[in-house]
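Undergrad: Can you look at this prediction? I've put the sequence above it.
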Amino acid sequence: MPSASTSPRTLRKAVLPVAGFGTRVLPATKAIPKEMLPVFDRPAIQYVVDEALAAGIEHIIFVTGRNKGAIEDYFDRAYELEVTLREKGKTAQLREVEEPVRAAGSMSFVRQQAALGLGHAVWCARDIVGDEPFAVMLPDMLMMAQPSCLAQMVDAYNKVGGNIIAVEPTDTPERYGVITPESRDGRLIKMKGMVEKPKREDAPSNLFISGRYILQPEIFALLADQGPGAGNEIQLTDSMARLMQVQAFHALEYDGVTYDCGDKIGYMRANAAYALANAEYGDAVAAMLRETLAHSRK
């Protein structure tokens, strides 16, 4: 554990890459950003922002693309709607509409003009992040956890510093990037490498990289000259592997469950999970699902 004089710099900023087309959930995303698709009672992106805020993040940076204006609008004031709800005395709905709005200057939006990969998207945020550590949160991946996944990662970061990646076990390592462990202390794992979509029999572990990162700003210089990798795109993992040669990397097997909303089945799983977990509607949702399943089997 670092001494007070070598404590890691405070994590204040998070980068949310939201420029992707959402091709795995077409045609729903033809006109609606995939991040704005509702998961139970709110857009998927709201859960990611809530997770960031619960971890103490002060500034959220969205890396957007064309046709993503709905995301910026969602986190802005909706004056006409607010006035209407207020005049009609719909205070509960008014609170829900006002909840996503953050303080002025606490959100930034930067454009990724071409789909050149996750690494390029993160690099687009370099001037706003500056010379400080930052989180990267993939909006496709919803993490149901208490404390939030990123909050657990911040706790680990405050102990060991460096770079932290969230991981969890999988039965299909060939579908994901997985880590190569060096040593383990409880849920915290010192890493010595990572492999993208290995053959199952060659996988160095069953721990897949699940879409949350805490990275040091030195990654930006590596991303600036990073050549295309898998899919002919600039891959964040390629620059992370280079940074691993000079900085410590740890993986945290966080306590929670990841829902991949980037495909249709994962999106439906997320809807069911968040609906069932809702304090007000969970019991009614469970009854509805049982009834629906019973009817579908007739």
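TA: Structure's in. What do you need?
Undergrad: where exactly do the strands run in the stretch 151-298 of the chain?
TA: 163-169, 177-185, 188-196, 207-215, 249-253, 257-260 (DSSP state E, counting those that start in this stretch).
Undergrad: do you know which of those lies nearest residue 102?
TA: Of all the strands of the stretch 151-298 of the chain, strand 207-215 sits nearest to residue 102, with 20.2 Å by CB to CB. Heads up, the C-betas are built off the backbone N, CA and C, glycines and all.
Undergrad: neighbouring contacts of the closest one?
TA: Strand 207-215 has contacts (CB atoms under 8 Å, 6 or more residues apart in numbering) with 11, 133-138, 140-141, 143, 149-150, 153-154, 157, 163-170, 173, 175-179, 181, 189, 194, 236-237, 240, 243, 251, 253-254, 258.
Undergrad: one more time with 6 Å, if that's ok
TA: 135-138, 141, 149-150, 153, 157, 163-168, 170, 176-179, 258 (CB atoms under 6 Å, 6 or more residues apart in numbering).
Undergrad: before we move on, the earlier item: pipe the strands of the stretch 151-298 of the chain into CSV and attach mean neighbour count, distance to residue 78 and mean pLDDT per row.
TA: CSV is the format used below for the strands of the stretch 151-298 of the chain (neighbours: other CB atoms under 10 Å; distance: least, CB to CB, whole Å; pLDDT from 0 to 100):
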stretch, mean neighbour count, distance to residue 78, mean pLDDT
strand 163-169, 23, 33, 95
strand 177-185, 17, 39, 90
strand 188-196, 18, 41, 89
strand 207-215, 24, 29, 93
strand 249-253, 24, 37, 96
strand 257-260, 20, 28, 92
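Undergrad: Which one of the ones you listed lies nearest to residue 68?
TA: Across the strands of the stretch 151-298 of the chain, closest to residue 68 is strand 207-215 (CB to CB), at 18.7 Å.
Undergrad: what angle separates that closest one from strand 163-169?
TA: Angle, strand 207-215 to strand 163-169, by axes from the mean of the first three to the mean of the last three CA atoms, to 10 degrees: 160 degrees.
Undergrad: How far off centre is strand 207-215?
TA: Distance of strand 207-215 from the chain centroid (CA atoms, centre = their mean, to the nearest Å) equals 9 Å.
Undergrad: For that strand, list the C-alpha coordinates in PDB.
TA: Provided in PDB are the C-alpha atoms of strand 207-215 (Å, rounded to 0.1, in the frame of the first residue of the first chain):
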ATOM      1  CA  LEU A 207     -11.200 -13.600 -16.400                       C
ATOM      2  CA  PHE A 208     -12.600 -11.400 -19.100                       C
ATOM      3  CA  ILE A 209     -12.100  -7.600 -19.400                       C
ATOM      4  CA  SER A 210     -15.600  -6.300 -18.700                       C
ATOM      5  CA  GLY A 211     -15.600  -2.700 -19.800                       C
ATOM      6  CA  ARG A 212     -14.300  -0.500 -16.900                       C
ATOM      7  CA  TYR A 213     -10.800   0.900 -16.800                       C
ATOM      8  CA  ILE A 214      -8.700   3.300 -14.600                       C
ATOM      9  CA  LEU A 215      -5.800   4.500 -16.700                       C
END
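Undergrad: Please shift the residue numbers so they start at 29 in all later answers.
TA: Sure, I'll start counting at 29 from here, so that last one is strand 235-243.
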